[in-house]
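Enquirer: No sequence on hand, only this structure:
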């Protein structure tokens, strides 16, 4: 990954600190270190300080660090004040640079843990690139059922031309398939009981022509059980 390009993107984020007086640390240095810490498995501001102290010589190859390594409180003050939408926008621009075409983009929804009694659990729909483990974008919805309307909105925010979009049965909807095609991408959607007519047609087709189609079988042992999977492929439907 081109860290230098990330530094340039972070320089575009407005500095929320006071304009007067001399700032001991450059905001882009703080943001880049924070990002590198998180993608390396760090979780908090103390981790950011520890990460940068352990890698100070490496960081100086592309960061100025005019007064050495920022402490945990400095990381906290900057990240608490920086505009999250502006930060996300510039990070997204850097992520787009890292992407490769013909990639696999997984779309899925997850319930966020640690919800309180004051509000229902947040449900987040996200788009994830399998090849380089990057989340391209995410949207928060109030209910799991809203995933059907959130996915097209999420796809509108992405450049997925030439990609293969994969999604579970919740996203097996005409509007979602149409949106993917409009974005000049391909799709692989799971079909389950929420589309009973389509599922019945597919089952009937493969029951009838399974002996004539390409097929493969795999065995997988794990978690105390053995799984047998059968794959049938038909390209002339």
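Expert: Received, thanks. Model, not experiment: these values are computed from the prediction. Numbering: from 1, shown residues only.

Enquirer: Just after the helix or strand bottoming out on mean pLDDT in the chain, pick out the following helix or strand.
Expert: Lowest on mean pLDDT, DSSP states H and E among the helices and strands of the chain sits helix 84-98, with a mean of 71. The helix or strand immediately downstream of helix 84-98 is strand 104-111, counting by DSSP states H and E.

Enquirer: hmm, who's touching that following strand?
Expert: Under the contact criterion Cβ atoms under 8 Å, 6 or more residues apart in numbering, strand 104-111 has outside partners 121-131, 136, 141, 144, 147, 150-151, 154-155, 158, 160, 163-168, 170-171, 185. In short, each C-beta sits where N, CA and C put it, glycine included.

Enquirer: Now, of these, which are buried?
Expert: Using 16 or more other Cβ atoms under 10 Å as the burial test, these include 123-129, 136, 141, 147, 150-151, 154-155, 158, 160, 163-167, 170-171, 185 as buried.

Enquirer: Sort out for me which of these are in helices.
Expert: Mapping those onto helices (DSSP state H) picks out 147, 150-151, 154-155.

Enquirer: Spit out the contact partners of the residue nearest the centre of the chain.
Expert: Among the residues of the chain, the one closest to the centroid is residue 135, at 1.5 Å (Cα atoms, centre = their mean). Residues near residue 135 by Cβ under 8 Å, 6+ apart: 126-129.

Enquirer: swap the cut-off to 6 Å and go again
Expert: By Cβ atoms under 6 Å, 6 or more residues apart in numbering, the residues touching residue 135 are 126, 128.

Enquirer: next one: residue 233
Expert: By Cβ under 6 Å, 6+ apart, the residues touching residue 233 are residue 214.

Enquirer: before we move on, the earlier item: mind checking which of the buried ones among the contacts of strand 104-111 are in strands?
Expert: 123-129, 136, 141, 164-167 (DSSP state E).

Enquirer: Which of those sits closest to residue 225?
Expert: Nearest to residue 225 out of these is residue 166 (Cβ to Cβ; 24.8 Å).

Enquirer: Leaving out the residues flanking it, which one is nearest to the closest one?
Expert: Take residue 166 and drop its neighbours on the chain: the residue closest to it by Cβ to Cβ, 6 or more residues apart in numbering is residue 188, 4.7 Å away.

Enquirer: before we move on, which element is that neighbour in?
Expert: strand 186-189.

Enquirer: What number of residues are in the vicinity of residue 134?
Expert: By the criterion of other Cβ atoms under 10 Å, residue 134 has 20 neighbours.

Enquirer: pLDDT score for it?
Expert: As predicted, residue 134 sits at a pLDDT of 72.
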